[in-house]
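Asks: Generate a structure from the sequence data that follows.
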Amino acid sequence: MPVFHRLIDAKVLLVGGSPAAAWKAELLRAAGAQIRLVSPQICAELAALVSRQPTAFDLYNRDWSPADFDGARLAIMDTDCDLEAASFEQAGRMAGVPVNVIDRPAFCQFQFGSIVNRSPAIISISTDGAAPVLGQAIRRRIETLLPATLSGWTSLAQKLRPRINALYAEGQQRRAFWEGFVDRVFSGDAPDAERLFEPMPKGGRVVFINAGPGDPELLTVKAMRTLQQADVVICDATVPGTIRELARREAQHIEAADIAEMRRLFAANKTVVHVTCSDATPNLAALQAHSIAIDIIPGVTAPQCPTPQWVAA
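Replies: Numbers count the residues shown, from 1 in each chain. The predicted structure follows:
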């Protein structure tokens, strides 16, 4: 089960003096942990880290013992010896302290995932130790989707939450504010608290998403985000289930809606997302005639790559 440990000022046992142990020490220090470092020798990277933050480490230049688990929140070891790894895991179980032996899933009670760090927003990806390189590749893909300002926006959300809870009742009104907040986050705007409190327009909106050939891999980031904001989802018969499943879990799914139904949903401040693999133009004029706000998200088609021209060396 994925969890996030709060480690500020918590004691963590780290056994080993290798570069891998140094990397784990940096992660632990970034989370605010107090590290009990036990190893007869430590590498240059770890020695440099200890010298930069001497008060963050309790350094013991010796072999580990079961007593080192006392008061620890977590325990981490780097070793090439299966016998030592097994002994360490057993000692952790006896002490009631979760254990991780670096790169040895068989001796781990928890795993470190690849981390996308936009503190206070943190994303962790785990492959349960099966393919760490795949986890890193997933992390790189996620990194490309996140705006550089995400950290600032998340910090702003922390400060604003009490104010929002006081201003807006729980339910549609409050969720509408946070959906507008999310739109600002992914628009590329810099964090700005005052703009968030400009009067929100009345009425809902209707969004047409062109799903192109029906391949979910070809949906734009904007289309994906809009599906996650939908209150009501309408899909043409040509839209595959793999795209329907991308909508917000709480969204209502209906097969079709006439103008009267669209006007009712609009008046109720609902976000209606109509997904189609065909031309939505015939529906637009009818909706616009009733002053219903409409957005259109065009589809992406698979590019046709030219045949490569080989040149003799």
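
Asks: Which phi and psi values does Thr271 adopt?
Replies: In terms of degrees, to the nearest 10, the main-chain angles of Thr271 are phi -100, psi 110.

Asks: Tell me the spacing between it and Phe181.
Replies: With distances taken as Cβ to Cβ, to the nearest Å, Thr271 is found 15 Å from Phe181. To be clear about C-beta, it is placed using only N, CA and C from the backbone, and glycine gets the same treatment.

Asks: Can you pick out the residue with more neighbours from those two?
Replies: Thr271 (22 against 15; other Cβ atoms under 10 Å).

Asks: low-confidence ranges in the protein?
Replies: 129, 187-188, 198-203, 280-283, 301-313 (pLDDT under 70).

Asks: center of it - which residue?
Replies: When Cα atoms, centre = their mean is applied to the chain, the residue found nearest the centroid is Ile123 (4.1 Å).

Asks: who does it bridge with?
Replies: Val116 (DSSP bridges).

Asks: what sits against it?
Replies: Ile115, Val116, Arg139, Ile142 (Cβ atoms under 8 Å, 6 or more residues apart in numbering).

Asks: For those, which two are the farthest from each other?
Replies: Ile115 and Ile142 (10.4 Å; Cβ to Cβ).

Asks: next SSE after the lengthiest helix in the chain?
Replies: Ranked by residue count and defined by DSSP state H, the top helix of the chain is helix 150-167. With elements assigned by DSSP states H and E, the helix or strand that comes after helix 150-167 is helix 172-185.

Asks: Give me the distance between Thr154 and Leu160.
Replies: From Thr154 to Leu160 the distance is 11 Å (Cβ to Cβ).

Asks: cool, and Ser124?
Replies: Distance, Ser124 to Leu160, by Cβ to Cβ: 25 Å.

Asks: can you check Glu45 too?
Replies: Distance, Glu45 to Leu160, using Cβ to Cβ: 40 Å.

Asks: Equivalent analysis for Asp231, please.
Replies: Separation of Asp231 from Leu160 (Cβ to Cβ): 23 Å.

Asks: And Asp58, by the same measure?
Replies: Separation of Asp58 from Leu160 (Cβ to Cβ): 39 Å.

Asks: So for the two, which residue has more residues nearby?
Replies: Neighbour tally, Asp58 and Leu160, criterion other Cβ under 10 Å: the higher count belongs to Leu160, 17 against 13.

Asks: Contact partners for the more buried one?
Replies: Ala193, Leu196.

Asks: if we can go back for a sec, list the residues that are in contact with both of Ile115 and Ile142.
Replies: Taking Cβ under 8 Å, 6+ apart as the contact rule, Ile115 and Ile142 both touch Ile123, Ile125.

Asks: Which parts of the stretch 51-200 of the chain are strands?
Replies: Taking DSSP state E, counting those that start in this stretch, the strands of the stretch 51-200 of the chain run over residues 57-60, 74-77, 99-101, 114-118, 121-125.

Asks: Would you mind finding the most buried of the ones you listed?
Replies: Mean neighbours per residue, mean count of other Cβ atoms under 10 Å, is largest over those for strand 74-77, with a mean of 25.

Asks: Now distance to Cys277 too, for the contacts of Ile123, in TSV please.
Replies: Output for these, formatted as TSV (distance: Cβ to Cβ, whole Å):
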residue	distance to Cys277
Ile115	37
Val116	32
Arg139	32
Ile142	27
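
Asks: Closest one to Ala106 out of those residues, please.
Replies: Distances from Ala106 to the contacts of Ile123, taken by Cβ to Cβ, are shortest for Ile115, at 23.0 Å.
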